[in-house]
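A.B. asks: when you get a sec, could you give me coordinates for this:
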Amino acid sequence: MIRLAILSVLAFLWSGAAWSGDTVHHAVAFIADPDRNSLSVTDRITLTGGGFMNLDLDEDAALTRARVDGIDASIHRDGGTLRVDLGTWGEHTVEIAYTAHRPLDIMDSGWLAQPGGEKATWSVTGVLPAPYKFIVPGALTAESEADERYHATFENHAPADPPLLITGPYQVSERMVDGLRLRTYFHDELAPLADGYLEDTAAYIKDYSERIGPFPYPGFSIVSGDAPVGWGLPGMTYVGRRVLALPFIRTTSLPHEILHNWWGNAVGVDYARGNWAEGLTTYMADYAVAVRTNPDAGREKRLEWLRDYAALPPERDIALTAFRSKTHDASQVVGYNKTAFVFHMLKAEVGEKGFDKAIEWLYEFNKGKDASWDNVSNAFQAGRSRDIDPFFDSWVKRPGAPQLTLTNARATPHDVTFTVAQAQDGEAYPLIIPVAIESAGGTLSVRVRMTKKAQTFTIVAPHAKHIAVDPDYDVFRRLSPGEIPPIIRDVTLRDEGEQHVISGLIPDVLAALKARGLPAPAGELNLDADALAYVQRDADGQPYLVVMGRSAESLAILERKLPHYKRRSFIVLRDGQITDKGTWPARSNALSAALDAPH
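C.D. replies: Numbers count the residues shown, from 1 in each chain. Next comes the predicted model:
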């Protein structure tokens with residue numbers, strides 16, 4: 001049996017790709033000419049292994065030289081896969097030179113030959129003609145401009161995913177803050193915005209460093225690009241140039257991308273067990289910045305999240321452990337919004353100080369690793385006597401949400417008694433529910449803990465007149481019908497075959513509405529607009545979306561803008577701009593009741 005085991009090991013070492021799994025190091029030198037879409041690369045790859053192994057490389061790369069340990073080597077190529085014979089087991093250097101002809105504004109990690117799925121370190125030196133510059137994730141260790149040529153070197157010594165390469169005709173602005181190099185790589189039209197972006201970046205990094213731990217990279221760069229996207233990378237973010245010009249990005253996308261340096265980069269995500277990082281980043285960045293700016297924004301944001309969830313068809317709901325990344329609106333409703341809301345409830349569960357301490361522990365004990373929801377749970381359990389597992393079992397591993405009812409609310413001269421029930425199928429969700437009780441002397445705010453499907457509570461509150469359960473939407477729950485005015489997302493979240501949309505020129509749409517027995521637009525929806533869109537419910541309660549315009553051109557403009565207003569009930573277009581937007585008012589809240597006057 002021992003001899004057979006030895007033979008099996010030897011067979012493995014001498015067949016297929018014998019790769020140790022150690023970090024790969026790239027020593028890269030390249031020359032690029034973005035105007036001609038040309039790139040010439042020499043990459044000295046240091047790795048440990050033996051026998052044959054596969055390297056992934058962009059199919060556009062044309063090999064010009066290959067060596068193993070300084071000796072010319074023959075490499076078999078199959079599309080984007082290079083098969084290399086390393087020879088005997090040990091540390092080896094594989095040198096690959098290649099050229100490519102393709103747009104160079106952004107190249108994904110396939111521009112470097114790399115064993116699939118492995119981490120890497122690197123030193124990248126590049127030369128470009130002025131005014132072009134380049135950046136890859138890592139520390140800038142050398143930079144110069146001479147003879148109309150730009151030279152720079154970036155190094156990264158912490159194992160990470162292989163780097164992207166980004167080039168552009170950038171103006172660079174820099175600010176050194178507490179030893180961190182903060183930069184903007186902006187196209188000409190964005191250069192006047194650099195100081196504001198750098199100032200806000202320094203403030204966000206200071207805030208998050210104090211709350212979580214030191215910034216995990218040598219600096220942070222904001223890079224403008226032609227692609228209309230936003231990417232968070234270690235120590236940098238790439239954002240479309242049209243997006244960066246928008247005035248609200250510095251208080252929305254910027255803090256979100258900076259915070260991703262802690263959550264998602266320094267602490268990675270074990271995607272197979274659920275992506276917790278997007279929701280935590282949304283809660284600590286987008287939500288927190290909004291609340292800091294406007295104290296009422298927290299309630300508004302939570303209500304928006306609940307209305308988004310109400311629009312989600314039940315068959316598209318998933319547990320948080322099943323969320324991987326945003327692929328459509330439905331995944332955002334759960335993976336970003338619901339996850340952020342769960343962290344909000346988690347803060348109520350453990351208290352603000354407990355929450356902040358758990359965040360510090362989550363970072364300290366998982367930096368440089370991929371963390372799962374179990375790691376998040378462990379961080380919040382540390383230092384607590386109350387078991388946190390029931391919370392995570394219900395809110396993270398289980399899809400859905402509680403549906404609350406308020407019954408039997410009555411008052412005596414001394415107190416208030418009421419019953420809260422969870423009407424959804426399945427077991428009860430553990431809840432901490434805020435309750436507001438009004439009396440002649442003011443409003444009493446308390447919190448009750450609910451662990452059963454129905455519980456009756458008694459609160460000392462003399463001469464109470466009114467009670468409201470969860471008045472500020474601090475509990476993730478299914479809203480009652482009166483709390484859910486129709487919004488555009490009610491239609492767009494449905495499968496395409498189930499979306500009820502009436503669209504066209506104004507006379508045609510008005511005729512179609514009349515033929516279907518549906519009302520014409522009224523109130524805020526003045527037909528003198530160039531175009532408008534709104535959503536309503538028919539007699540059966542089904543949402544329908546109406547989109548109409550005075551011309552094909554105005555209709556097309558409105559349809560392009562529509563995806564940005566899915567949380568609204570209506571939008572109005574005049575002169576190419578949205579001039580009015582809003583949400584229909586909610587009718588009532590079933591979780592409130594007037595109390596009989598005490599005798």
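A.B. asks: and the nearest residue to residue 519 once chain neighbours are set aside, how close does it get to residue 534?
C.D. replies: Among residues not flanking residue 519 along the chain, residue 513 sits closest, at 7.1 Å (C-beta to C-beta, 6 or more residues apart in numbering). The way it works is simple: take the backbone N, C-alpha and C, and place the C-beta from them, glycine included. Counting by C-beta to C-beta, to the nearest Å, the gap from residue 513 to residue 534 is 11 Å.
A.B. asks: just to revisit the earlier point, my read: the residue nearest to residue 519 touches residue 502, true?
C.D. replies: Yes. Counting by C-beta atoms under 8 Å, residue 502 is a contact partner of residue 513 at 6.6 Å.
A.B. asks: where do the contact lists of these two overlap?
C.D. replies: Common contact partners of residue 513 and residue 502 (C-beta atoms under 8 Å, 6 or more residues apart in numbering): residue 546.
A.B. asks: OK, contacts around the residue nearest to residue 519?
C.D. replies: Shown in contact with residue 513 (C-beta under 8 Å, 6+ apart): 502, 519, 520, 546.
A.B. asks: identify, from those residues, the entry nearest to residue 468.
C.D. replies: Proximity of the contacts of residue 513 to residue 468 was ranked by C-beta to C-beta; the top entry is residue 519 with 32.5 Å.
A.B. asks: low pLDDT regions in the stretch 201-350 of the chain?
C.D. replies: Flagging of the stretch 201-350 of the chain using pLDDT under 70 yields the residue ranges 328.
A.B. asks: so which strand or helix has the residue nearest to residue 519?
C.D. replies: Using DSSP states H and E, the element containing residue 513 is helix 506-515.
A.B. asks: buried set for the helix or strand that that helix is followed by?
C.D. replies: Per DSSP H and E, the first helix or strand lying C-terminal to helix 506-515 is strand 531-537. Buried residues in strand 531-537, counted by 16 or more other C-beta atoms under 10 Å: 531, 532, 533, 534, 535, 536.
A.B. asks: likewise for stretch 59-79?
C.D. replies: Across stretch 59-79, burial judged by 16+ other C-beta under 10 Å covers 61, 66, 68, 73, 75.
A.B. asks: got these as TSV, with secondary structure, distance to residue 399 and pLDDT columns?
C.D. replies: As requested, the buried residues of stretch 59-79 are arranged in TSV below (DSSP: H, G, I helix; E, B strand; the rest coil; distance: C-beta to C-beta, whole Å; pLDDT from 0 to 100):
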residue	secondary structure	distance to residue 399	pLDDT
61	coil	44	93
66	strand	51	94
68	strand	51	96
73	coil	53	92
75	coil	48	89
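A.B. asks: which member of the residues you listed is positioned nearest residue 192?
C.D. replies: Closest approach to residue 192 among those (C-beta to C-beta): residue 61, at 38.2 Å.
A.B. asks: report the separation between that closest one and residue 187.
C.D. replies: Counting by C-beta to C-beta, the gap from residue 61 to residue 187 is 28 Å.
A.B. asks: show me where the stretch 51-200 of the chain has helices.
C.D. replies: Taking DSSP state H, counting those that start in this stretch as the criterion, the stretch 51-200 of the chain contains helices spanning 194-211.
A.B. asks: now name the helix or strand holding the residue nearest to the spatial centre of the chain.
C.D. replies: The chain has residue 278 as the residue nearest its centroid, 4.0 Å off, counting by C-alpha atoms, centre = their mean. Element membership for residue 278 (DSSP H and E) is helix 277-281.
A.B. asks: for residue 447, same thing?
C.D. replies: Using DSSP H and E, residue 447 falls within strand 442-450.
A.B. asks: do residue 43 as well
C.D. replies: Using DSSP H and E, residue 43 falls within strand 38-56.
A.B. asks: next: residue 406.
C.D. replies: Using DSSP H and E, residue 406 sits in strand 404-411.
A.B. asks: buried residues, that strand. List them.
C.D. replies: Within strand 404-411, the residues that count as buried by 16+ other C-beta under 10 Å are 404, 406, 409, 411.
A.B. asks: quick one: list the elements packing against it.
C.D. replies: strand 415-422, strand 464-469, strand 592-594 (3 or more C-beta pairs under 8 Å, 6 or more residues apart in numbering; DSSP states H and E).
A.B. asks: go with 7 Å
C.D. replies: Contacts defined by 3 or more C-beta pairs under 7 Å, 6 or more residues apart in numbering; DSSP states H and E place strand 404-411 against strand 415-422, strand 464-469.
A.B. asks: same list (those strands) but as CSV, adding mean neighbour count.
C.D. replies: Formatted as CSV, these follow (neighbours: other C-beta atoms under 10 Å):
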stretch, mean neighbour count
strand 415-422, 20
strand 464-469, 20
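A.B. asks: arrange the ones you listed in JSON lines, one row each, with distance to residue 37 as further columns.
C.D. replies: Below are the helices and strands packed on strand 404-411 laid out as JSON lines (distance: least, C-beta to C-beta, whole Å):
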{"stretch": "strand 415-422", "distance to residue 37": "60"}
{"stretch": "strand 464-469", "distance to residue 37": "62"}
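A.B. asks: export the ones you listed to CSV and append columns for distance to residue 399 and mean pLDDT.
C.D. replies: Supplementary listing: those in CSV, determined by distance: least, C-beta to C-beta, whole Å; pLDDT from 0 to 100:
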stretch, distance to residue 399, mean pLDDT
strand 415-422, 15, 97
strand 464-469, 24, 96
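A.B. asks: so for residue 449, which of those sits nearest?
C.D. replies: Closest among these, using C-beta to C-beta: strand 415-422, at 11.0 Å.
A.B. asks: quick one: name whatever helix or strand follows the closest one.
C.D. replies: Moving toward the C-terminus from strand 415-422, the next helix or strand (DSSP H and E) is strand 431-439.
A.B. asks: would you mark the buried spots in that next one?
C.D. replies: For strand 431-439, a neighbour-count test (16+ other C-beta under 10 Å) marks 431, 433, 434, 435, 436, 437, 438, 439 as buried.
A.B. asks: just name the closest of these to residue 395, please.
C.D. replies: Among the buried residues of strand 431-439, residue 431 lies closest to residue 395 (C-beta to C-beta), at 9.9 Å.
A.B. asks: so where's this protein uncertain?
C.D. replies: In the chain (pLDDT under 70), the answer is 1-22, 328, 523-524, 597-599.
A.B. asks: in contact with residue 461, which residues?
C.D. replies: By C-beta atoms under 7 Å, 6 or more residues apart in numbering, residue 461 lies in contact with 415, 416, 437, 439, 444.
A.B. asks: redo that, cut-off 10 Å
C.D. replies: Residue 461 is in contact with 411-412, 414-416, 435, 437-439, 441, 443-444, 446, 467, 595, counting by C-beta atoms under 10 Å, 6 or more residues apart in numbering.
A.B. asks: what do you get for residue 372?
C.D. replies: 269, 270, 271, 272, 273, 274, 275, 276, 321, 366, 378.
A.B. asks: mind checking which of the residues you listed are buried?
C.D. replies: For the contacts of residue 372, a burial check counting by 16+ other C-beta under 10 Å picks out 269, 270, 273, 274, 275, 276, 321, 366, 378.
A.B. asks: residue contacts, the second one?
C.D. replies: Listed by C-beta under 10 Å, 6+ apart, the contact partners of residue 270 are 276, 366, 369, 370, 371, 372, 373, 374, 375.
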